[in-house]
Every structure is written in structure tokens, then in C-alpha cells.
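>>> Take a look and give me a structure for this.
(chains A and B)
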Amino acid sequence: MKKDTSYKIKLGIFVSFGIALFIAGIYFIGEKQQLFRSTFHLSGVFRDVAGLQAGNNVRLSGINVGTVEDISIVSDSSIRVEILVDESIRKFIKKDAVASIGSEGLMGNKIIIINPGTGGKMEIENNDIVQTIQPINLDDILVSFKTTIDNTSNMTSYLSKITGNVQSGKGTIGRLLMDQSLAQNFDSSIVNLKHGSEGLRNLMDSAKSSFTQNFDSTFVNLKEGSAGFKILVDKAKKSWLLWGF
Amino acid sequence: MENTILQQSQDQHQEAEIIPENFSETISDSVFKRFFLEVSSLIFFTLRFFKEVFKPPYEFNELMKQSYLIGYKSLPLTGITAFIVGLVLTIESRPTLANFGAESWLPAMVAISIVREMGPAITALIFAGKVGSGIGAELASMNVTEQIDAMQVSGTNPFKYLVVTRVLSATLMLPLLVIFADVIGLFGSLVGVNLRGSVSTHLFFSQVFQSLVFKDLFPAVIKTFFFGFAIGVIGCYKGYNSNKGTEGVGKAANSAVVFASLMVFLIDMIAVQITSLFQN
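You can find the predicted model right below:
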């Protein structure tokens, strides 16, 4: 009889503990999905959700605060995303909050990132529609990157042609760099210029010396003339003809 | 009209001449025929279980005793196995994830593997090995020693007392064992993660529950009821219908394990298909 009770107790403990673990598992998984917390609804309309799925996380300042509840197509260019956010976070999200779609990592899941908005605004309300920023699509980046690569390819092919022309002496720069007669002409021009400048210098030197001599004698004459003029003026002052002036 | 019938009978006669004389004997001994006979017997056995399970009187005491023997007594074996599986899975997965610089994903990856597949499948196989063979051998030895016949003569319904209780116990106990195995396997993984790194228990379980969703947990637990049922039914069928003789006991135990293990994989494959159908 005692043995009967003993195994029943062990069985009872085993079953109870197993069921408790199962319930605890349900609770903890549900807790992470905000099932047992009070939540409020928000929604946003995107043009492209870039692979976002129901159940993905919603983050505010890097903290998981909710989950994506549902994604539905409204029209061919707008997709409505319903999100569930923890009620205790509501006071931090303002009316001008902006939602965007980000990624948990380079290969990670997509997430909704909520920018909480400016401090002075009113708190967001249940079932409000938040503004959205269109996500940067990896495909768009690749298309843009491809255009850049194509342009670079064209540029390098043109550059290759130009260098080919330069090397074969075509065009102004090609002749400048590759034509030896031009260099010789240039060299002889430089020599001529050198000679010309030397001649000019000599000319200038001789002109300078003759000019200073002439200038000097001009000043001497002017000085003598002004002295004669002074004497003449003094004599005139003493003459009776100019009394009264 | 008469000519047509005559022609047909001539054709049949010609065909009969082509077929060897001992054809019927060959087919009677063929593997296929035995296989299909086995399958049909198993189906009738299962239908009889469903007929008997709802019919009073209910053998609650025997059910509890079998649950104790099948469930509680299997816990140490399945627990140790699950711990080792969690530990080994973590250690083996680390280098691959480290190549991607994704070691922080280790708890999440191992948790999903254990909860979705490793926990249920490994536990069911261990369960098939221990319980399936145990039930098969026990019922076969009772059959050999004519205890089953004796019960029938004494007015007790041996099917209800022996088969229904064991199948029900196996069906109900395996899911509980799988839940224990999942938890113990996760602790094994925690040890594995901390062998080469330092992850706190809180962070580990936070990452585990972050990665798990109900879609991982519920299908995995529901399929274990089917695993347990299959193991119980096959074990009982093999034991109940064993050959008379001592070698019949060994044969029953052996074929119970083999067939039950095979059924576990078959059910697992079907469960995965159904689960993926609902998830997409």
C-alpha cells in the first residue's frame, strides 16, 4: 500500500513539474512577443517593406518595445504595417514620431525602428498612424552601384583612348609630349629669347646711361635758366615801370 | 457473344500456362504479402485500441503504474541524452558560426534546433529503444507463458488491461519527457556556450526565448503525442502477437524497436510537411 502511494507521488511530481515547465515556456515565449503585457496599436504605410514579416521586432532607441502584428497591401504602392507596442513605452513616443525599416545586422531580420519625435509634442495615441521613411533597398543600392561602375568603365575606356593618342603623338598634348621637333623648336626659341633678352638688357643699359646724362644736363640748364630768370625778375621789380604792382 | 467468351477463356488459359505452377506459394511467402498483412493487422489492432479506450471499466491504477514505469523511470536516460545532445550540438555548431562572426547567434540556433527537432526526435528514439522494447518483451513473455490467455479465461479483458494502459501511458508521457529533455538540452547548451566563452544564464535564456516562437513549440510538442502513440501501439502489437516460444520474445522486442523507430521518423517527416504547410 505504501509502495502504491510512493510511486503515485513520484508520478504526480513528474507530471506537475513537466506541465509547469511547459507553461513556463509558453509564458516566456509569450512575454517576448508581448502577449502578456498591455499593448497599443500603431500603424504606418510604406511603399516597400523590404522583406519585413509579421513577428519582427519594433525598436525604440535600440530597445525591443514591440512586434509587427500584421502586414497588408493597401494598393500597389502602399503597404500597411500594423505594430503592437508596449503600453509603458507610449509616453516616450510623440505625435511626430517617425517609423523606418532597418535591419538587425548585415544578414539579420528586418526591424521597425521608431524615432520617438520631439519632446514638446503630445503623446501618441492608440491606433495612430505614424509617419514613415522609405527603407533603403539593397537592390536600389546595387542598381546605383552598377551605374557608377558603368560610368567608371566608360571613363577608363576614354582615358585609355586618350593615352593611346598621346602616345602616338596625336592631338595638342600628344604633339607637345611626343613630337621632338617641337621640343627642338622650343629649345631654339628659348635660346633666341635668351639672346634677345641679353640684347635688350644691353640696349636698356645704354639707354639708361644716355638718359641719365641728358636728364642731368637738362636739370643743369633748367637751374641756370631759373637763376637768370630770377635776376631778370629782381631787376624788373626795381624798374619804375612796374611801380605800384 | 459466345465466341468472345470462348476467346477470353482461351487467353486466360494461355496466361495461366506462362505463370509458374508454384506462383501462389511464392507470393504467399513473399516479403510484400507479409508486410501488407502486418500493416493490416496493425491497423485493426489500432482500431481495437480506439474501441476499447472509451469503453468502461477504466483501468486507472494500471494506467498510473504504467505511466510511472514508462514516464518517470525513463527520465534519467532521456535527461542525460538531452544534456549531451545540447552540449555537443553547441560545441559542434560554434566553429561554423564563428566563421561568419555570428557566435552570438549560438543560443538562438541551438534553441530552435533542440525545441523543433532534436529534443522530440532524440527523446522519441530513446523512448522507442527503452519503452518500445520493454513493452514488446513484457507482453511477448506474457503471451509465451499464456498469461494473456489466462486473463481472458478469468474474465479480465487483457487488451484493455495490458494494451490500452500502456499505449495511453506512452502517448501521455512522451510529451512530458520531451519538455524535460528540451529544458535539460538547453542547460547542456548553456554549458557548451560557456566552455569557450562567457554568457550569463540570464542572457542565454533571454536570447533563447527571443528566438523561439509558438510556431516552434506547439507543433514540436503535438507531434510527440503521435510519436508516443506509435511507439506504444507498435510495442504492444509486437508483444501481443508474438510467436509462441522463447525466441518470440526476443524477436518481438527487437522488431518493436526497429518498427517504432522507423515510425518515429515517418511521423516526423509528415509533421514537418504539415507544419511547413501552415507556416507558409
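
>>> Shouldn't A:Gly51 be within a strand?
No. A:Gly51: not assigned to a strand; according to DSSP: H, G, I helix; E, B strand; the rest coil it is coil.

>>> How about it, nearest residue that isn't a chain neighbour?
In space, and not counting its chain neighbours, A:Gly51 is closest to A:Lys110: 5.3 Å by Cβ to Cβ, 6 or more residues apart in numbering or on different chains. From N, CA and C alone the C-beta is placed, and that goes for glycine too.

>>> hang on, that neighbour packs against A:Gly102?
Yes. Applying Cβ atoms under 8 Å, one finds A:Lys110 in contact with A:Gly102, separated by 7.3 Å.

>>> what's the closest non-adjacent residue to the residue of chain B found nearest chain A?
Nearest residue of chain B to chain A (Cβ to the nearest Cβ) works out as B:Leu176 at 3.6 Å. Leaving aside its sequence neighbours, B:Leu176 sits nearest to A:Gly18 (Cβ to Cβ, 6+ apart; 3.6 Å).

>>> From what I see, that neighbour and B:Phe180 are in contact.
Yes. A:Gly18 is within contact range of B:Phe180, at 6.0 Å (criterion: Cβ under 8 Å).

>>> Residue numbers of chain B in contact with chain A?
Taking Cβ under 8 Å from any Cβ of the partner chain as the contact definition, chain B meets chain A at B:64-65, B:67-68, B:71-72, B:75, B:100, B:102, B:176-177, B:179-180, B:182-183, B:205, B:209-210, B:212-214, B:217, B:221.

>>> Can you tell me how far A:His175 is from A:Asn165?
One correction, residue A:175 is Arg, not His. Counting by Cβ to Cβ, to the nearest Å, the gap from A:Arg175 to A:Asn165 is 10 Å.

>>> in the helix ranked longest in chain B, what counts as buried?
If you go by DSSP state H, chain B has its longest helix at helix B:246-279. Residues of helix B:246-279 classed as buried: B:248-253, B:255-257, B:259-261, B:263-264, B:267-268, B:271, B:275 (neighbour count, 16 or more other Cβ atoms under 10 Å in any protein chain shown).

>>> Centre of the chain to stretch B:120-131, how far?
Relative to its chain's centre, stretch B:120-131 lies at 7 Å (Cα atoms, centre = their mean, to the nearest Å).

>>> burial count for B:Phe44?
Using other Cβ atoms under 10 Å in any protein chain shown, B:Phe44 has 11 neighbouring residues.

>>> Show me where chain A has its helices.
With DSSP H as the criterion, chain A has helices spanning A:2-32, A:138-167, A:171-178, A:180-238.

>>> Give me the helices and strands touching the shortest one, please.
This means helix A:171-178. helix A:138-167 (3 or more Cβ pairs under 8 Å, 6 or more residues apart in numbering or on different chains; DSSP states H and E).

>>> for the helix it packs on, which positions count as buried?
Neighbour-count burial for helix A:138-167 [16+ other Cβ under 10 Å]: A:Val166.

>>> follow-up on the earlier one: with mean pLDDT as added columns, please give the helices of chain A in CSV.
Output for those, formatted as CSV (pLDDT from 0 to 100):
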stretch, mean pLDDT
helix A:2-32, 86
helix A:138-167, 88
helix A:171-178, 78
helix A:180-238, 87
